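Visitor: the sequence isn't on hand, but the structure is:
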Ligand SMILES: Cc1ncc(COP(=O)(O)O)c(C=O)c1O
């Protein structure tokens, strides 16, 4: 059986008419860049998250960048984050002129290890950016406590965690700001690029509204040097349609994860993702850990099952960040996980049959890769 890693066609087909109608409305109105469709989605998304404000921007990288800029992060500052993330988290810090300072991850949740956080804080630290990787929140209480004690704002990278909860609170609403990507494959995905920042601080929201609009406070009056970071009207209208089904889709992902857990639970060669007791993951990615990962990935592909790797090279070992001087061995947990992560197909429309096929094939691949016991003569 062929199983894709992601099936956006299956995802959009049932709501195709609603999406077409939403796009038609935007074309009829002419409100393509910013405008009323963006304002409507901002209200809906803020309400969904339980935040006072949402600011729609061009993508998740913009969201992180604007949030950090609005908090005053700039040259010579340090911003703490994790090496186990998509490159964009560190890029946003660098594009403020600041330096990313990495803290290793917790081996159970794959998120920032709070026990290592305080040691990384220096007089130059300006913010902390925990990443809710794979759809599971980082352990926010100790992170927020350390941040508060050191008077540092926390910016949540919630780009993979739309609707995830921590102690009943939604991802993105616990720090000063929460940043979301609506890249098409995300749990809440646009029909192109889009992103948003949620915050409870009116002044921060206002700063970001100015930044995303070339720093202008009134038409052609620029108080700041900003950027073109607006959200498209068409993306906002599509997101309003898709937001209505986010909770159902997240529930399906959680039930798929449970089935994977059951089917693979007895397989000693696989480390399954752990669901932390403090919240609910929305399983943007269902990543297991296996030895001989690359060989397993290839064998699965040979059987028609598309898996992924998120991410094969931790950020501190990327060529682009070599100048930071954090070589191999600097963050052992992140490095070990990067060598073992294997993301199994995960999307709401995945069928039980497909999940059974993925699990069965993974077990076969692992037993084929296992060294056979020597013959006793
Ligand atoms: C953890 C994380 N941060 C930031 C981003 C950047 O979002 P975007 O691709 O919308 O710019 C992504 C997107 O993949 C992500 O997964």
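Guide: It's in. Keep in mind it's a predicted model, so treat the numbers as computed, not measured. Residues are numbered from 1 along each chain as shown.
Visitor: so which residues of this protein form helices?
Guide: Secondary structure of the chain (DSSP state H): helices at 8-12, 16-29, 36-49, 60-70, 87-94, 117-120, 140-149, 202-211, 233-243, 246-264, 293-302, 332-340, 352-369.
Visitor: so which of the ones you listed gets nearest the ligand?
Guide: Checking the helices of the chain against the ligand by Cβ to the nearest ligand atom gives helix 60-70 as the closest, at 2.4 Å. From N, CA and C alone the C-beta is placed, and that goes for glycine too.
Visitor: circling back to that earlier point, name the stretch among the helices of the chain that sits most buried.
Guide: helix 60-70 (a mean of 28; mean count of other Cβ atoms under 10 Å).
Visitor: for it, the averaged confidence score.
Guide: In this model, helix 60-70 has an average pLDDT of 98.
Visitor: can you tell me the closest non-neighbouring residue to the residue nearest the centre of the chain?
Guide: By Cα atoms, centre = their mean, the mean C-alpha position of the chain lies nearest to residue 160, the distance being 2.3 Å. Sequence neighbours aside, residue 284 is the residue nearest to residue 160 in space, at 4.1 Å (criterion: Cβ to Cβ, 6 or more residues apart in numbering).
Visitor: now do residue 356
Guide: residue 263 (6.7 Å).
Visitor: got the contact list for residue 242?
Guide: Contact partners of residue 242, counting by Cβ atoms under 8 Å, 6 or more residues apart in numbering, are 15, 19, 188, 189, 190.
Visitor: can you read off the pLDDT for it?
Guide: Confidence score, pLDDT, at residue 242: 98.
Visitor: against the ligand, how distant is residue 348?
Guide: Note on residue 348: its distance to the ligand, by Cβ to the nearest ligand atom, to the nearest Å, is 18 Å.
Visitor: so what's that residue up against?
Guide: 11, 248, 249, 250, 252, 253, 256.
Visitor: then residue 71?
Guide: Per Cβ under 8 Å, 6+ apart, neighbours of residue 71: 126, 127, 153, 155, 176, 177, 204.
Visitor: let's see 10 Å
Guide: The contact partners of residue 71, by Cβ atoms under 10 Å, 6 or more residues apart in numbering, come to 77, 79, 96, 126-127, 152-155, 176-177, 199, 201, 204, 207-208.
Visitor: what's the closest of these to residue 145?
Guide: residue 154 (10.5 Å; Cβ to Cβ).
Visitor: surely the closest one and residue 178 touch.
Guide: Yes. Counting by Cβ atoms under 10 Å, residue 154 sits close enough to residue 178 to count as a contact (9.3 Å).
Visitor: what about these two, which has more around it?
Guide: When neighbours are counted by other Cβ atoms under 10 Å, residue 154 and residue 178 differ, and residue 178 comes out ahead with 28 against 22.
Visitor: beta partners for the more buried one?
Guide: Counting by DSSP bridges, residue 178 is bridged to residue 156, residue 198.
Visitor: show me which residues of the chain sit near the ligand.
Guide: Counting by Cβ under 6 Å from any ligand atom, the residues of the chain close to the ligand are 59-61, 85-86, 88-89, 131, 157, 159-160, 181, 183, 195.
Visitor: one more time with 8 Å, if that's ok
Guide: Neighbours of the ligand within the chain, by Cβ under 8 Å from any ligand atom: 59-64, 85-86, 88-89, 92, 131-133, 157, 159-160, 179, 181-183, 186, 193-195, 284.
Visitor: pLDDT weak spots in the protein?
Guide: Low-confidence segments of the chain, defined by pLDDT under 70: 370-377.
Visitor: make it 80
Guide: Scanning the chain with the threshold set as pLDDT under 80 gives 369-377.
Visitor: give the contact list for the nearest residue to residue 84 once chain neighbours are set aside.
Guide: The shortest distance from residue 84 to any non-neighbouring residue, by Cβ to Cβ, 6+ apart, is to residue 334 (4.4 Å). Under the criterion of Cβ under 10 Å, 6+ apart, the neighbours of residue 334 are 82-85, 102-105, 107, 110, 113, 311, 314-317.
Visitor: which one of those residues is nearest residue 359?
Guide: residue 110 (20.8 Å).
Visitor: ok, the closest one touching residue 131?
Guide: Yes. The pair formed by residue 110 and residue 131 meets the contact definition of Cβ under 10 Å, at 9.2 Å.
Visitor: quick check: neighbours shared by those two?
Guide: Counting by Cβ under 10 Å, 6+ apart, the residues touching both residue 110 and residue 131 are 82, 84, 85, 138.
Visitor: for the second one, what are its contacts?
Guide: So that's residue 84. Contact analysis of residue 84 by Cβ under 10 Å, 6+ apart lists 102, 104-106, 110-112, 131, 133-134, 310-311, 314-316, 331, 333-335, 337-338, 341.
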